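Student: prediction below, plus the sequence it came from.
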Amino acid sequence: MTPEETLPTVAPEPTNAPGRSEVPVEVREGADVIAGSNEFVSWGAYSDVGLVRGHNEDSFLIQAPLFVVSDGMGGHAAGEVASSIAIETIGQRAPGSADDVLLGAAVEAANQAVIAGAEAGVGKPGMGCTASAVLIEKDRMAVAHVGDSRVYVLHHGTLVRITHDHSYVEELVDAGQITADEARTHPSRSIITRALGSDPDMYADHFSLEVNSGDRVILCSDGLSSMVPDSEIEALAVSSATPRQAAGSLVAAALTAGGADNVTVVVVDVLNDGLADEARRQLTGLAARIGGALAIVLAVVAFIAVAFIRSEWYLGTTGDVVGIYRGIKGDFLGVPLSELVSTSAVEVSDLPTSLQDQLEQGIRVQNEQAAQETIDSYHTQIDEARSEGARTADEVRAGTDPDQRDGAATTVAPDPDPTTQNGGE
């Protein structure tokens, strides 16, 4: 492991799910807890032997922007050796950028290293391990994965598992024979169908995806996922303020559930944001020209301003359609204070003139969801107006006065010959 910062001997307070008794998460003997940050990511990690096993076969690597979790197999003096060889090799062979092909190759090299170690008498024959690795470069994340350790992404409060377990029970879930909840307690849940150390021709799953500022990435051994359902992992990830707190709370939940296995959790928060980077870059340049103490003041103001801007949302125009913006309308010293997040199919010309004027000025909304709901209401208004117009046109073509539909009174024209009325008198 390469810890950038060793934490004190007290881990974060747990955030337990309703109905669960609190489990103290003080750093017990043999546990590893670290945290750190740089310009682009912040992280926290916690590895615990659990409440049943006598030793910890898990290993993890923090080599920002590279993060790896490996769960060893083979028993004492074997599983921990395999996982240690794996993370060391991945750390040495990993690329310098978010290239998933090269990251996958690093995991495959780790497989060869574990096999070679066993043949050389390092560890024991038959030892093996899982490996889940991510490398985050601004808004791109490369992923390489083998085994049943997992990678999740928490995006806008929703947890998504982005790796697929290489296990017998996962195959049963895929076939619809059991549910994901049943897989957690299935008697064959420990059968791994792909692992490092078992096959020289083993290959790693690898892919890359976009990540955004505010996304939270979670890597874990099955000591978490086999004890705690995804719904609870999501709740704890959402409620934890920092990666360190999230890692501690998730380990606490696994211990509360029985701690039947070693449990390792690495949590990484993505800090990079295009708007914030650009604003910070331009404002920093301005501050450098002004210099001295004023530069410090401007840096503080810029930080506060960016934080405020990121929390604001509004609807505005982009070309001929309505768009959703994050930030506030306008600019500061030539620096844009907002960014276009998405465009809609609502054409501005289809809206009432008064609403068009408001959109030109920017209509403030609470968040992105509220913005989308407002756009949906515009769609509804436009559809209703078009339906009414079509109905009126149909009535005109049919020779019916639209003003007299729905039971409106009809005025009878006077008889041109009054002598025909009242018996012709």
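Tutor: Looks like it arrived, so ask away.

Student: which parts of the chain belong to which domain?
Tutor: Using automatic domain parsing, the domain parsing of the chain gives 32-270, 274-391.

Student: kindly reformat the ones you listed as CSV containing mean pLDDT and mean neighbour count.
Tutor: C-beta: built from backbone N, CA, C; applies to glycine. Listed next are those as CSV, based on pLDDT from 0 to 100; neighbours: other CB atoms under 10 Å:
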stretch, mean pLDDT, mean neighbour count
domain 32-270, 95, 21
domain 274-391, 78, 15
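
Student: quick one: closest of those domains to Ala398.
Tutor: domain 274-391 (10.7 Å; CB to CB).

Student: would you mind giving the domains of the chain as a markdown table with distance to Arg397 added?
Tutor: Below are the domains of the chain laid out as a markdown table (distance: least, CB to CB, whole Å):
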| stretch | distance to Arg397 |
| --- | --- |
| domain 32-270 | 49 |
| domain 274-391 | 11 |
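
Student: okay, and the beta partners of the spatially most central residue of the chain?
Tutor: The C-alpha lying nearest the average C-alpha coordinate of the chain belongs to His155 (CA atoms, centre = their mean; 2.4 Å). For His155, the beta-bridge partners are Thr158 (DSSP bridges).

Student: distance of it relative to Met141?
Tutor: His155 is 12 Å from Met141, where distance means CB to CB, to the nearest Å.

Student: can you check Gly72 too?
Tutor: 25 Å.

Student: for the stretch 301-425 of the chain, which segments count as helices?
Tutor: Assigned by DSSP state H, counting those that start in this stretch, the helices in the stretch 301-425 of the chain fall at 353-361, 368-397.

Student: which other helices and strands contact the last one?
Tutor: Applying 3 or more CB pairs under 8 Å, 6 or more residues apart in numbering; DSSP states H and E, one finds that helix 368-397 makes contact with strand 313-318, strand 321-332, strand 335-347, strand 363-365.

Student: include distance to Ile178 when you put those into JSON lines, please.
Tutor: Output for the helices and strands packed on helix 368-397, formatted as JSON lines (distance: least, CB to CB, whole Å):
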{"stretch": "strand 313-318", "distance to Ile178": "42"}
{"stretch": "strand 321-332", "distance to Ile178": "41"}
{"stretch": "strand 335-347", "distance to Ile178": "38"}
{"stretch": "strand 363-365", "distance to Ile178": "43"}
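
Student: can I get the helix or strand harbouring Val153 in PDB? Just the C-alpha atoms.
Tutor: Following DSSP states H and E, one finds Val153 within strand 150-155. Taking C-alpha atoms only, strand 150-155 is exported to PDB below (Å, rounded to 0.1, in the frame of the first residue of the first chain):
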ATOM      1  CA  ARG A 150     -16.900  -4.500  -7.100                       C
ATOM      2  CA  VAL A 151     -16.900  -1.000  -8.300                       C
ATOM      3  CA  TYR A 152     -19.900   1.300  -7.800                       C
ATOM      4  CA  VAL A 153     -20.500   4.900  -8.900                       C
ATOM      5  CA  LEU A 154     -22.900   7.100  -6.900                       C
ATOM      6  CA  HIS A 155     -24.200   9.700  -9.400                       C
END
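
Student: touching it from outside, list them.
Tutor: 132, 134, 143, 145, 159-163, 165, 209, 211-212, 215-220, 222, 225, 230, 233-234, 237-238 (CB atoms under 8 Å, 6 or more residues apart in numbering).

Student: among those residues, name the ones in helices.
Tutor: The helices, defined by DSSP state H, take in 222, 225, 230, 233-234, 237-238 from the contacts of strand 150-155.

Student: for those residues, which one is nearest Tyr325?
Tutor: Nearest member of those to Tyr325, counting by CB to CB, is Val238, at 25.0 Å.

Student: so the closest one sits against Gly157, correct?
Tutor: Yes. Shown here, Val238 and Gly157 form a contact pair, counting by CB atoms under 8 Å, at 5.5 Å.

Student: on that earlier part again, next, the angle from the strand holding Val153 to helix 230-239.
Tutor: Calculated by axes from the mean of the first three to the mean of the last three CA atoms, to 10 degrees, strand 150-155 forms an angle of 50 degrees with helix 230-239.

Student: now strand 150-155: how far from the chain's centre is it?
Tutor: Chain-centre distance of strand 150-155: 6 Å, with CA atoms, centre = their mean, to the nearest Å.

Student: equivalent analysis for stretch 184-196, please.
Tutor: For stretch 184-196, the distance to the chain centre is 26 Å (CA atoms, centre = their mean).

Student: do stretch 60-71 as well
Tutor: Using CA atoms, centre = their mean, the offset of stretch 60-71 from its chain centre is 19 Å.

Student: what do you get for stretch 240-255?
Tutor: 17 Å.

Student: pull the CA atoms of it into PDB?
Tutor: Extracted C-alpha coordinates of stretch 240-255, given in PDB (Å, rounded to 0.1, in the frame of the first residue of the first chain):
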ATOM      1  CA  SER A 240     -21.600  10.400   4.400                       C
ATOM      2  CA  ALA A 241     -20.000  13.800   4.000                       C
ATOM      3  CA  THR A 242     -16.500  12.700   3.100                       C
ATOM      4  CA  PRO A 243     -14.900   9.600   1.500                       C
ATOM      5  CA  ARG A 244     -13.300   8.700   4.900                       C
ATOM      6  CA  GLN A 245     -16.600   8.800   6.600                       C
ATOM      7  CA  ALA A 246     -18.300   6.800   3.800                       C
ATOM      8  CA  ALA A 247     -15.600   4.100   4.000                       C
ATOM      9  CA  GLY A 248     -16.000   3.900   7.800                       C
ATOM     10  CA  SER A 249     -19.800   3.800   7.700                       C
ATOM     11  CA  LEU A 250     -19.800   1.000   5.100                       C
ATOM     12  CA  VAL A 251     -17.300  -1.100   7.100                       C
ATOM     13  CA  ALA A 252     -19.400  -0.500  10.200                       C
ATOM     14  CA  ALA A 253     -22.500  -1.700   8.400                       C
ATOM     15  CA  ALA A 254     -20.700  -4.900   7.300                       C
ATOM     16  CA  LEU A 255     -19.600  -5.600  10.900                       C
END
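
Student: got the contact list for the closest residue to Ala31 other than its chain neighbours?
Tutor: Nearest residue to Ala31, sequence neighbours excluded (CB to CB, 6 or more residues apart in numbering): Asp48, at 4.8 Å. Asp48 sits next to 28, 31, 56, 251, 254-255, 259, 262-264 when contact means CB under 8 Å, 6+ apart.
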